[in-house]
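Student: need a structure here:
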Amino acid sequence: MALGRKIAYNVIVNVIMKVASTALALVGIGLMTRYLGTEGFGAYATVLAFFALFVALADFGLYQITARNIGKQDTAEEQRTIERVFTLRVMISAIVLVLAAVALPLLPYTHDVRSAILLVGVAFFFSSSYGLLNGVFQKHLRMDLVVITEFFGKVIQVAWIAGVMYLDAGFIWLVAGVVAAMAFNFAVIAFLVRRYVTLRLVWDLAYWRMFLAQSLPMGIAAVITFFYFKVDMILLSVLQDQTAVGIYGAAYKIMENLIFFPAMVMGLMLPILSRTLSTARDEFVNYADKTLKVFSVIILPIVIGMLLRADDIMRIVGGDDFDFTASALALRMIAFALLFIFFGQFFTVLLVVGNRQKQLMMALGACAAFNLIGNWLLIPRYSYIAAAGMSVATEGLVVFLSIALVVYYMKYIPRIPQLARILLANALLGIVLFLIAPLGLFSAIGIAAATYLAALWLTRAVSIDEIRLIFARDAKLA
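Tutor: Model (predicted):
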């Protein structure tokens, strides 16, 4: 299968399965908000914030540098890299899990919340272990196997939530569903990866020193990223109460379930961009520009829809007993953060491709400090409104700084092909959504989707050649 068609196939399958997984995740959120209420869901959101903290602490840049390196390696070198880095991942994850267990009594939460944090620590161990292996599937353009596995993991989690509600088993058993889903994902991915590499533990201290010299800046960047992406949830739980966390967390979970797309696409493109940057500059620029266009076509209608239908979205997600009006306000603000996250993901990955991890780390460090200070000062007075506002400001700062670094160090001037036509198509979408405001959410989504696709076609924002690319046997991203 030609490279262009392989990429197109992976994008299509990934989008379909991720959309299905997102739909399941929203069903799960809806069930949990109705079962736990605003305060209980706030406790659940707090627990998941610690899951993100564990992931950040154990990151060490292993995944991104592994994906970048094996994209240039032959089969033997790939095997050597994976077995050594996987061993390192298991060791680091185990250390983080032990440290978390030791620190649990110091946390200012109830016994149930502390126990739930330990549970998600176990889930994190499975998640971090199989997450590293995704680089292998990315290199071989078989991320379809990963997203299908994760879809069935999400099915298990939602079924678990429904079972807990039916049995009224309580908060701890609800969190245990995260462990079940991640354990399933790990088992399946570890089995599937055997077609490419043999998964085994290998001790190689010299190799780890060499590898960490490359990856550690990205690991520090991951911790820094946590402080500008998730620390607001933890600060809300400490400086306010779990009700405020629940209001903000419900809106935030909507955004979290949408940011799969830029991460997915950049994961697929990372090995290709790494290869073409040094060997075929024109192809690199072409791939980068087309990726920016894809991001624009996807994110702009999502933001418009969130701004115009936030109340309906949160009413469906939260239920009548949930404070969906307050969450809708937070969601409208977070929509702009989501816009920045899409493009921020693109430019930060470009900096990794260009081996500018240190410069990226310094930029993200400045953003983290800005976010931490802003949240600490503003949350006591403005609660979740401050958290949402700081998310927008921080993600905007990430985009601004990362673009500046990409232009300066990589000499790449970002360009979005047919941007004016894409904006026109989205303007037409916004007008239609405004006019059909009285319609129910799902009817509006159907009409909006048809309108947007028609507008893209009428404005020729997306060309026939780009559509034909998906089906052509010898397609190339030209």
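Student: OK, contacts around residue 462?
Tutor: Counting by Cβ atoms under 8 Å, 6 or more residues apart in numbering, residue 462 touches 297, 418, 456. (Glycine included, C-beta is placed from N, CA and C.)
Student: now the last one: how far from residue 66?
Tutor: Distance, residue 456 to residue 66, using Cβ to Cβ, to the nearest Å: 36 Å.
Student: kindly report the same for residue 132.
Tutor: Noted for residue 132: a distance of 6 Å to residue 66, by Cβ to Cβ.
Student: next: residue 108.
Tutor: Using Cβ to Cβ, residue 108 is found at 37 Å from residue 66.
Student: just residue 391 next, same as before
Tutor: Residue 391 is 29 Å from residue 66, by Cβ to Cβ.
Student: re earlier: and residue 456 and residue 66? Which one has more around it.
Tutor: residue 66 (28 against 23; other Cβ atoms under 10 Å).
Student: where does the more buried one land on pLDDT?
Tutor: If you check residue 66, the pLDDT there is 82.
Student: can you read off the backbone torsions of it?
Tutor: Per-residue torsions, residue 66: phi -60, psi -50 (degrees, to the nearest 10).
Student: right, and the helix or strand after the strand or helix carrying residue 210?
Tutor: Remark: residue 210 resides in helix 205-229, with elements defined by DSSP states H and E. Scanning forward in sequence from helix 205-229 by DSSP H and E, the next helix or strand is helix 231-239.
Student: what mean pLDDT does that following helix get?
Tutor: For helix 231-239, the mean confidence score works out to 87.
Student: run through who's touching it.
Tutor: With contact meaning Cβ under 8 Å, 6+ apart, helix 231-239 is reached by 42, 45-46, 49-50, 53, 108-109, 244-245, 248-249, 252, 368, 371-372, 375-376, 379-380, 383-384, 387, 390-391.
Student: could you do stretch 153-172 as well?
Tutor: 21, 24-25, 27-28, 31-32, 35-36, 40, 43-44, 112, 115-116, 119, 173-174, 176-178, 180-182, 184-185, 188.
Student: these, buried ones only, as a PyMOL selection?
Tutor: Buried residues among the contacts of stretch 153-172 (16 or more other Cβ atoms under 10 Å), as a PyMOL selection:
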select buried, resi 21+24+25+28+31+32+35+36+40+43+44+116+119+173+174+176+177+178+180+181+182+184+185+188
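Student: just the contacts of stretch 153-172: which are in helices?
Tutor: For the contacts of stretch 153-172, the ones inside helices are 21, 24-25, 27-28, 31-32, 35-36, 40, 43-44, 112, 115-116, 119, 173-174, 176-178, 180-182, 184-185, 188, with DSSP state H as the criterion.
Student: next, residue 202: secondary structure please.
Tutor: Put simply, residue 202 is coil when judged by DSSP: H, G, I helix; E, B strand; the rest coil.
Student: for burial, what's the neighbour tally of it?
Tutor: 14.
Student: how close does the closest residue to it other than its chain neighbours get to residue 125?
Tutor: Excluding the flanking residues, the one nearest residue 202 by Cβ to Cβ, 6 or more residues apart in numbering is residue 83, at 4.5 Å. To residue 125, residue 83 is 19 Å away according to Cβ to Cβ.
Student: out of those two, which sits in the busier spot?
Tutor: Using other Cβ under 10 Å as the criterion, residue 83 and residue 125 rank with residue 125 on top: 21 against 17.
Student: wouldn't that one be in contact with residue 93 here?
Tutor: Yes. The pair residue 125 / residue 93 is scored as a contact, 5.0 Å apart, by Cβ atoms under 8 Å.
Student: low-confidence ranges in the stretch 1-150 of the chain?
Tutor: Within the stretch 1-150 of the chain, the ranges that satisfy pLDDT under 70 run 1-8, 10, 72.
Student: residue boundaries of the helices in it?
Tutor: With helices called from DSSP state H, counting those that start in this stretch, the stretch 1-150 of the chain shows them at 3-59, 62-70, 75-103, 111-139, 143-167.
Student: how about the ones you listed in a markdown table, adding distance to residue 358?
Tutor: Shown next, in a markdown table, are the helices of the stretch 1-150 of the chain (distance: least, Cβ to Cβ, whole Å):
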| stretch | distance to residue 358 |
| --- | --- |
| helix 3-59 | 16 |
| helix 62-70 | 13 |
| helix 75-103 | 20 |
| helix 111-139 | 21 |
| helix 143-167 | 28 |
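Student: out of these, flag the one nearest residue 353.
Tutor: Closest to residue 353 of those, according to Cβ to Cβ: helix 62-70, at 7.0 Å.
Student: elements contacting that closest one?
Tutor: With contacts taken as 3 or more Cβ pairs under 8 Å, 6 or more residues apart in numbering; DSSP states H and E, helix 62-70 sits against helix 75-103, helix 111-139, helix 205-229, helix 260-279, helix 324-353.
Student: contacting residues for residue 292?
Tutor: With Cβ under 8 Å, 6+ apart, residue 292 has these contacts: 343, 346, 414, 415, 416.
Student: if you set the cut-off to 6 Å instead, what comes out?
Tutor: Neighbouring residues of residue 292 by Cβ atoms under 6 Å, 6 or more residues apart in numbering: 414, 416.
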